[in-house]
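J.: just a sequence and a predicted model for now, questions to come.
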Amino acid sequence: MKSLTGRLLIALLIPLAILVAIAAAITCWVVYNEQEVTADRVLVGSVRTLSLAFNAPEAVRPELVPLAVNLLKRRARPHTYYSVHHRGKLIAGYAELGPPEDHGLYWEPVGAERRDRHQPAEFSSRYAPTPLYRGHINAADGMSVIQAAYLRDGSFRGGPARIATEIRQAPGFDAPLIIQVANPVDTRRAWQTKTFFQIYGVAAAILLLAGLLFWWAVLWGLRPFRDLTHQVETHHAGTISNFRLTLPHRAPRETRPFVAAFNSVLARTEKASEFVRQFTADASHQMRTPLAVLRAHLHILKRHAPESREGRDAIADIDAAVGTLERLLMQLIALARAEEQNVHNVREPFDLAGTVASVARERAPMALQAGLDIAFEAARSPLAVYGNSLLASELVRNLVDNAIRYCPRGSHISIRVTDAGDRAQVAVEDDGPGIPEADRAKVFQRFYRLARDSDRAGSGLGLPIVRALAERMGAEVRLQAGANGRGLLAVTAFQRVSAGAGSAGDTEVQECP
């Protein structure tokens, strides 16, 4: 089902329907048992009442028996039928209600050996216990009872019936009377079925009402999400920039993670779009010059042979322009990647000393070829910090490349890893021309270059890449003057994994070959 409202309604109504059905079934079972017991009680009470009427003195019996029969008809539901037999002959009631099969055993007068051939009917009386003698409150009424009232299943008018029977020796009769009261089972079942339909009708009404209430409750519960959807639709139809979902002051707490995640996705999407726009603008701006150089020298090659002086100069300039273009593209891609991934900072433990040592060994041949002296020293190895080994390598590599590019021959480059309590620092220091204090903040801007370096190869992206990588790792970069005010000192501070681990007293110094 595609509708969330429908899914919630089904999720609520199916368990409720099951519970209502179980409750209705239990209610029907209880009602069935109670009705069965009640009907059996009525039967037994009716046969005892009729038995007492026939046990009355002969002078008043003609008046008491009709009264007992009328009382029987009034109190019994469903309708009951009765019969009284003496020596197998009907003396009152319905002929269709015949005596039990063993009625011949009771034709003789009272005998102790003939009492209670059948188990008398018994009912729970724990709530109002009443002492009875052979089913009667008055012991004198029970003295002449040969068979106390009992229940059996029989037939009446061609259908099953429930029959209560009591046998007593009544005054004026030479043999016991067999007194019976019965009601048809079909009538009893019809009465029960009607009750069951009423129970299930009430259950269905409850379920229908619950469905309406649940529908209203689900709509009310989902209202905050409908409001959020309305905000999105309004933004889609309008021109709102920097759109963010907003929650009312009393919004449910379940909506807050969704809104936070949605706004985070929007922020990342906007930042990614800005990265693409900035990358396109930077690339188009910075590629104009090398592309113009390529185009101009290609025209020269068209007019002059490659072996001529002009052709050789053009090829050399083309080679330099291609190198500049390649380096520019690589730096632009590195910068865009670093800034784009800065949405999620990379903070995992790694060995800073080992990472920086690898970069120093990698760049040592380049420094020696440029006539520079390079050294590496680490206060401790390993030195665990938070960040990323690959990003930290790229960061240090850019700082060392800058020092190699701008330092004159004979200069010295020092790479140091120091332990400063809860921080660990990488310092790249040189004794080259340095950067004036007024320009140290500007050099972190894209493509910013000092006026004195206009004749040097470079794109002005090295230090912006360094800052972007540092921010992604939660590190800090700062520039300051080198020792004795000469050169440049670039310091990158990382957070230590464990400030008290190991010893910071031993310092290892390596001269890179």
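T.: Here it is on my side, so go on.

J.: okay, helices next: where are they in this structure?
T.: 4-54, 61-75, 139-142, 185-221, 223-237, 255-286, 288-303, 309-340, 352-369, 389-406, 462-472 (DSSP state H).

J.: out of these, which gets nearest to residue 169?
T.: Each of these has some distance to residue 169 by Cβ to Cβ; the shortest is helix 4-54, at 10.2 Å. Just so you know, the C-beta spots here come from the backbone N, C-alpha and C atoms, and that holds for glycine as well.

J.: which strands and helices lie in contact with that closest one?
T.: Secondary-structure packing of helix 4-54 (3 or more Cβ pairs under 8 Å, 6 or more residues apart in numbering; DSSP states H and E): helix 61-75, strand 81-86, strand 145-156, strand 159-168, strand 177-184, helix 185-221.

J.: so which other helices or strands are in contact with the first one?
T.: So that's helix 61-75. Partner elements for helix 61-75 (3+ Cβ pairs under 8 Å, 6+ apart): helix 4-54.

J.: the helix it packs on to helix 223-237, inter-axis angle?
T.: Angle, helix 4-54 to helix 223-237, by axes from the mean of the first three to the mean of the last three Cα atoms, to 10 degrees: 160 degrees.

J.: how far off centre is helix 4-54?
T.: 39 Å (Cα atoms, centre = their mean, to the nearest Å).

J.: repeat that for stretch 203-214.
T.: 27 Å.

J.: list the buried ones in it?
T.: 203, 207, 210, 214 (16 or more other Cβ atoms under 10 Å).

J.: what does stretch 469-489 give?
T.: Buried-residue list, stretch 469-489, by 16+ other Cβ under 10 Å: 469, 470, 472, 473, 475, 477, 479, 481, 482, 487, 488, 489.

J.: out of the residues you listed, the closest to residue 83 would be?
T.: For these, the nearest to residue 83 is residue 472 (102.4 Å; Cβ to Cβ).

J.: quick check: residue 191 touching residue 36?
T.: No - if you go by Cβ atoms under 8 Å, residue 191 and residue 36 don't touch, sitting 11.0 Å apart.

J.: how about residues contacting stretch 51-65?
T.: 50, 67-68, 84, 92, 136, 141, 144-145, 149, 166, 168, 170-172, 177, 179 (Cβ atoms under 8 Å, 6 or more residues apart in numbering).

J.: residue ranges with poor pLDDT in the stretch 301-450 of the chain?
T.: Within the stretch 301-450 of the chain, the ranges that satisfy pLDDT under 70 run 317, 320-321, 323-346.

J.: drop anything exposed from the contacts of stretch 51-65.
T.: 50, 68, 84, 92, 136, 141, 144-145, 149, 166, 168, 170, 177, 179.

J.: can I get the helices of the chain in CSV including distance to residue 88?
T.: Formatted as CSV, those follow (distance: least, Cβ to Cβ, whole Å):
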stretch, distance to residue 88
helix 4-54, 17
helix 61-75, 20
helix 139-142, 25
helix 185-221, 25
helix 223-237, 81
helix 255-286, 86
helix 288-303, 130
helix 309-340, 109
helix 352-369, 116
helix 389-406, 112
helix 462-472, 110
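
J.: where among the ones you listed is the average confidence lowest?
T.: Of all these, mean pLDDT reaches its minimum on helix 309-340 (a mean of 65).

J.: count the residues that sit near residue 192.
T.: Around residue 192 sit 17 other residues, with neighbours defined as other Cβ atoms under 10 Å.

J.: wait, what's in contact with it?
T.: Residue 192 neighbours (Cβ under 8 Å, 6+ apart): 31, 32, 35.

J.: can you give me the distance of the nearest residue to the last one once chain neighbours are set aside to residue 353?
T.: Okay, so that is residue 35. Nearest residue to residue 35 in three dimensions, chain neighbours excluded: residue 192, at 5.6 Å (Cβ to Cβ, 6 or more residues apart in numbering). Using Cβ to Cβ, to the nearest Å, we find residue 192 at a distance of 89 Å from residue 353.

J.: likewise for residue 265?
T.: Going from residue 265 to residue 353 by Cβ to Cβ gives 38 Å.

J.: and residue 190, how many neighbours does it have?
T.: Neighbours around residue 190, by other Cβ under 10 Å: 12.

J.: what of residue 419?
T.: 22.

J.: check residue 105 too.
T.: With other Cβ under 10 Å as criterion, residue 105 counts 14.

J.: double-check it against residue 117; I have them as touching.
T.: Yes - with contact defined as Cβ under 8 Å, residue 105 counts as touching residue 117 (7.0 Å).

J.: thinking again about what came up before, hey, which of the helices and strands packed on helix 4-54 is tucked in deepest?
T.: Looking across these with neighbours counted as mean count of other Cβ atoms under 10 Å, the highest average goes to strand 177-184: a mean of 26.

J.: can you pull the domain assignment for this structure?
T.: 4-192, 252-338, 345-511 (automatic domain parsing).

J.: dump the ones you listed into a markdown table; add distance to residue 228 as well.
T.: Shown next, in a markdown table, are these (distance: least, Cβ to Cβ, whole Å):
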| stretch | distance to residue 228 |
| --- | --- |
| domain 4-192 | 13 |
| domain 252-338 | 7 |
| domain 345-511 | 28 |
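
J.: just say which of those domains is most tucked in.
T.: Highest mean neighbour count among the domains of the chain (mean count of other Cβ under 10 Å): domain 345-511, a mean of 18.

J.: tell me the spacing between residue 254 and residue 243.
T.: For residue 254, the distance to residue 243 - Cβ to Cβ - is 22 Å.

J.: also residue 82?
T.: Residue 82 is 88 Å from residue 243, by Cβ to Cβ.

J.: next, format the buried ones among the contacts of stretch 51-65 as a markdown table and append distance to residue 396.
T.: Listed next are the buried ones among the contacts of stretch 51-65 as a markdown table, based on distance: Cβ to Cβ, whole Å:
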| residue | distance to residue 396 |
| --- | --- |
| 50 | 113 |
| 68 | 115 |
| 84 | 118 |
| 92 | 119 |
| 136 | 110 |
| 141 | 114 |
| 144 | 119 |
| 145 | 113 |
| 149 | 107 |
| 166 | 111 |
| 168 | 116 |
| 170 | 121 |
| 177 | 119 |
| 179 | 114 |
